[in-house]
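J.: Quick one: sequence plus predicted model below, questions after.
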Amino acid sequence: MCRPSPCPAPLCSLQQPWMGPLSHRISRFACPAEAATLHLGYCTSACWSLLQVLVATSVTFGSINDATRCSLHLFLCSLLVYQHVFKGAVGEALLSLLAVSQKYQASNKDILTAYGKFYNLLMLSGYDDFQDYILDQILLGRDNPFARAVAQGQVQQGAPILQAVAYDLDTLQGLAVGLETLADYVGEVAPTAGSYWVSAASATALRRKSTSKQLPTSGAPAQSAVVIPADGSRSSSPGGGASSSSSSIIGRPATVEELAQWRAALGSHDHWSGAVLLLQQYYSQHGFGVTSRNSALRWSKGGFEEASEGGLASKSIDSNTTASLAAAATALSPPVAAAAGAGMSSIVLSQLQQAYAALEENTKRHCMGLPAQHAVICGPPGSGKSWLLWEGTLLAGKDLGLRVVEIPGSEISNILDIARGCARYPRVRFILVADHVDLPVRGSAATDLMTGLSAAGGSGWPVNTLLYLGASAASAVGRSDPIVDRCGLIVPITAVGDEAGYLSTVGELLAAKQGKSSSEGPDSELEAELYKAAVAWGKQQGFSVRSAAAFVRSC
């Protein structure tokens with residue numbers, strides 16, 4: 001039990017501007033001992049350590065005593081809506097570090113090892129500072145009922161929950177210690193580290209920090225800057241139209257730069273509680289959780305997880321993301337892999353133009369909330385079905401807020417359950433894509449699909465979700481199949497067919513890889529040699545879109 005000790009100066013006389021309303025919740029007591037008398041008293045070593053860090057920043061409490069330890073413990077335990085912020089790997093690593101540093105006779109080795117783990121997790125997660133991590137977790141809103149309710153359009157103006165959110169934001173602001181402060185603290189409790197280590201351990205940034213605090217203004221479609229006037233009302237919204245809170249459909253995920261600007265805008269408030277309306281605007285515009293960060297998703301073990309967007313990934317991404325995309329590209333279909341490695345994602349091959357136009361129109365109608373149809377893509381092996389199904393769908397709908405969900409073969413029988421999972425995000429537009437599906441589908445999966453796609457009864461298909469199927473080469477696609485019959489759009493793709501069509505495809509891919517028009521043709525002896533090599537490759541591998549993409553990728 002915490003025991004009061006001689007009181008230093010009253011906290012109210014030591015308030016600092018950065019503390020905001022958090023200081024008022026402490027300073028209403030005459031001193032820390034009185035606070036301890038009025039609050040619960042069991043405290044952990046981790047909480048005590050974090051309080052010591054807070055003391056080291058800008059507030060001088062005097063001696064570290066049981067009362068001040070209990071005050072911080074209370075704040076950690078009192079989070080109402082944003083408890084998840086400290087439950088991630090980075091937050092848990094920090095608390096572990098602080099706990100180790102307060103162990104009786106803790107060794108310098110143990111303390112430095114714990115800090116190294118925290119430092120590495122923070123860096124691998126792509127954050128320059130622990131405050132950035134906290135701000136990003138607030139925006140992410142994973143497992144956050146408030147973020148979900150806002151994204152679903154259920155939170156009314158002036159709702160009581162907003163007070164709880166404001167409380168949590170101020171509390172988290174008080175706990176958002178800087179990396180430099182943490183390094184100084186570790187240097188004190190593990191003095192063998194030395195000043196050189198403290199300086200090196202004070203930052204993880206890979207690039208110079210931006211000082212801009214303007215909210216998102218770039219991207220396609222263009223989004224106007226969001227200004228929060230003094231009265232807290234929203235003055236503009238995506239596309240310059242009505243407020244995003246009134247939009248029936250959530251927009252695309254924020255880019256890396258835009259996320260940095262949202263974090264800067266949130267962190268720029270003297271009191272984070274003043275950013276409640278800003279948070280509502282973010283959740284309403286981009287959603288929450290994994291769907292707010294990724295246009296490409298994968299269904300696995302009953303939930304969404306991040307998938308690679310191939311070459312359609314944002315060009316303004318960090319080096320870790322670039323490396324992961326390059327690694328993931330090898331697992332994609334050849335046209336997608338080529339795009340991921342060479343920035344060729346925006347090209348639609350002449351061979352696929354007609355099929356893409358049909359799929360693009362249907363996809364955009366769905367993204368705009370207009371009636372659209374489920375689709376089946378069919379064609380011979382190597383004709384580009386996988387590109388059209390996955391990256392073509394992303395290309396058509398990503399900028400309109402579409403989330404494309406890959407359904408692995410092992411989950412085909414669970415498609416109806418996956419669609420119901422999408423229904424939990426009613427303002428997000430989804431398209432489920434399943435490739436290499438043997439048609440006709442048989443067994444219980446066929447029964448579930450027919451029931452769902454018919455929109456009959458309580459098992460009807462959600463209106464915010466479409467299904468795109470890629471038929472395997474062995475499939476028999478026809479209206480006699482009840483699944484195909486329920487897909488209003490059949491998109492056939494023809495084979496390249498001959499050497500001339502194959503070389504035309506190679507030329508388009510090479511031109512896209514080199515950033516020039518395909519009509520320019522080979523302009524050097526080297527490229528002429530490449531065409532000769534392409535013919536030899538095609539004769540060996542077959543004249544197809546797949547073999548053309550594989551050849552260009554290997555160049």
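T.: Sure thing, it's come through.

J.: Okay, and Ile377 sits in which element?
T.: Following DSSP states H and E, one finds Ile377 within strand 375-378.

J.: With Ala147 instead?
T.: Applying DSSP H and E as the criterion places Ala147 in helix 145-151.

J.: other SSEs contacting the next helix-or-strand element following the strand holding Ile377?
T.: Elements were assigned by DSSP H and E; along the chain past strand 375-378, the next helix or strand is helix 385-387. In this structure, helix 385-387 packs against helix 334-342, strand 465-471, with contacts taken as 3 or more Cβ pairs under 8 Å, 6 or more residues apart in numbering; DSSP states H and E. Where C-beta positions appear, they are placed from N, C-alpha and C, glycine not excepted.

J.: least reliable of these going by mean pLDDT?
T.: Averaged per stretch, pLDDT over the helices and strands packed on helix 385-387 is lowest on helix 334-342, reaching a mean of 38.

J.: immediately after that one, which helix or strand?
T.: Once helix 334-342 ends, the next helix or strand along the chain (criterion: DSSP H and E) is helix 353-367.

J.: Of all the residues in that following helix, which ones are buried?
T.: When neighbours are counted by 16 or more other Cβ atoms under 10 Å, the buried residues of helix 353-367 are found to be Ala355, Tyr356, Ala358, Leu359, Glu360, Asn362, Thr363, Lys364, His366, Cys367.

J.: in the helix holding Ala147, what's buried?
T.: Going by neighbour count (16+ other Cβ under 10 Å), the buried part of helix 145-151 is Phe146, Ala147, Arg148, Ala149, Val150, Ala151.

J.: surely Ile431 meets Thr465?
T.: Yes. Here Ile431 lies in contact with Thr465, judged by Cβ atoms under 8 Å, at a distance of 7.3 Å.

J.: With neighbour numbers in mind, choose between these two.
T.: For Ile431 versus Thr465, neighbours defined as other Cβ atoms under 10 Å are more numerous around Ile431 (27 against 24).

J.: just checking, the more buried one is part of a helix?
T.: No. With DSSP: H, G, I helix; E, B strand; the rest coil as the criterion, Ile431 is located in strand rather than a helix.

J.: Would you quantify the distance from the residue lying closest to Ala446 once chain neighbours are set aside to Ala89?
T.: Leaving aside its sequence neighbours, Ala446 sits nearest to Ile483 (Cβ to Cβ, 6 or more residues apart in numbering; 6.4 Å). As for Ile483, its distance to Ala89 is 42 Å (criterion: Cβ to Cβ, to the nearest Å).

J.: So between these two, which is more surrounded?
T.: For Ile483 against Ala89, the residue with the higher neighbour count under other Cβ under 10 Å is Ile483, and the figures read 21 against 13.

J.: Check what pLDDT that one gets.
T.: Reading off the per-residue confidence, Ile483 sits at a pLDDT of 87.

J.: swap in Val276?
T.: 95.

J.: Could you do His24 as well?
T.: The predicted local distance difference test score for His24 is 44.

J.: Do a quick rundown of the strands in this protein.
T.: With strands called from DSSP state E, the chain shows them at 296-300, 303-306, 375-378, 402-406, 429-437, 465-471, 489-492.

J.: Okay, buried residues for the second one please.
T.: If you call a residue buried by 16+ other Cβ under 10 Å, then strand 303-306 has these buried ones: Phe304.

J.: where does the stretch 301-450 of the chain have low pLDDT?
T.: The model of the stretch 301-450 of the chain has pLDDT under 70 over residues 310-346.

J.: can you pull the buried residues of stretch 539-551?
T.: By neighbour count, and taking 16+ other Cβ under 10 Å as the criterion, the buried residues in stretch 539-551 are Phe543, Ser544, Val545, Arg546, Ser547, Ala548, Ala549, Ala550, Phe551.

J.: okay, now the residue nearest to the third one when sequence neighbours are not counted: neighbour count?
T.: Translated: Val545. Here the nearest residue to Val545 in space, its sequence neighbours aside, is Gly384; by Cβ to Cβ, 6+ apart that works out to 4.1 Å. Applying other Cβ under 10 Å, we find 30 residues neighbouring Gly384.

J.: In this structure Gly384 contacts Val348, no?
T.: No. The pair Gly384 / Val348 is not scored as a contact, 9.8 Å apart, by Cβ under 8 Å.

J.: show me the contacts for Leu94.
T.: Phe86, Phe118, Phe130, Leu182 (Cβ atoms under 8 Å, 6 or more residues apart in numbering).

J.: which one of these sits closest to Gln280?
T.: When the contacts of Leu94 are compared for distance to Gln280, the smallest value, 22.6 Å, is given by Phe86; criterion: Cβ to Cβ.

J.: The closest one against Glu92, yeah?
T.: Yes. Distance between Phe86 and Glu92: 7.1 Å, which falls inside the contact criterion (Cβ under 8 Å).

J.: out of these two, which sits in the more crowded spot?
T.: In terms of neighbours (other Cβ under 10 Å), Phe86 is the more surrounded of Phe86 and Glu92; the figures are 18 against 13.

J.: how much space between that one and Ser544?
T.: In terms of Cβ to Cβ, Phe86 sits 52 Å off from Ser544.

J.: Can I get the helix holding Ala147 in PDB, CA atoms only?
T.: Provided in PDB are the C-alpha atoms of helix 145-151 (Å, rounded to 0.1, in the frame of the first residue of the first chain):
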ATOM      1  CA  PRO A 145     -15.300   1.200 -29.800                       C
ATOM      2  CA  PHE A 146     -15.300   4.900 -30.200                       C
ATOM      3  CA  ALA A 147     -13.400   4.800 -33.500                       C
ATOM      4  CA  ARG A 148     -15.700   2.100 -34.800                       C
ATOM      5  CA  ALA A 149     -18.800   4.000 -33.800                       C
ATOM      6  CA  VAL A 150     -17.600   7.200 -35.600                       C
ATOM      7  CA  ALA A 151     -16.600   5.200 -38.700                       C
END
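
J.: Tell me which stretches of the stretch 101-250 of the chain form helices.
T.: For the stretch 101-250 of the chain, the helices defined by DSSP state H, counting those that start in this stretch cover 108-124, 130-140, 145-151, 161-175, 179-189, 194-200.

J.: can you tell me which of the ones you listed comes nearest to Leu402?
T.: Taking Cβ to Cβ as the criterion, Leu402 comes closest to helix 145-151 out of the helices of the stretch 101-250 of the chain, the separation being 15.9 Å.

J.: Mind giving me the packing neighbours of that closest one?
T.: helix 161-175, helix 276-286.

J.: helices and strands around the last one, which ones?
T.: Helices and strands touching helix 276-286, by 3+ Cβ pairs under 8 Å, 6+ apart, are helix 130-140, helix 145-151, helix 161-175, helix 256-267.

J.: Save those as a markdown table, and put in distance to Gln281 and mean pLDDT too.
T.: Converted to a markdown table, those look like this (distance: least, Cβ to Cβ, whole Å; pLDDT from 0 to 100):
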| stretch | distance to Gln281 | mean pLDDT |
| --- | --- | --- |
| helix 130-140 | 11 | 93 |
| helix 145-151 | 9 | 95 |
| helix 161-175 | 13 | 92 |
| helix 256-267 | 9 | 92 |
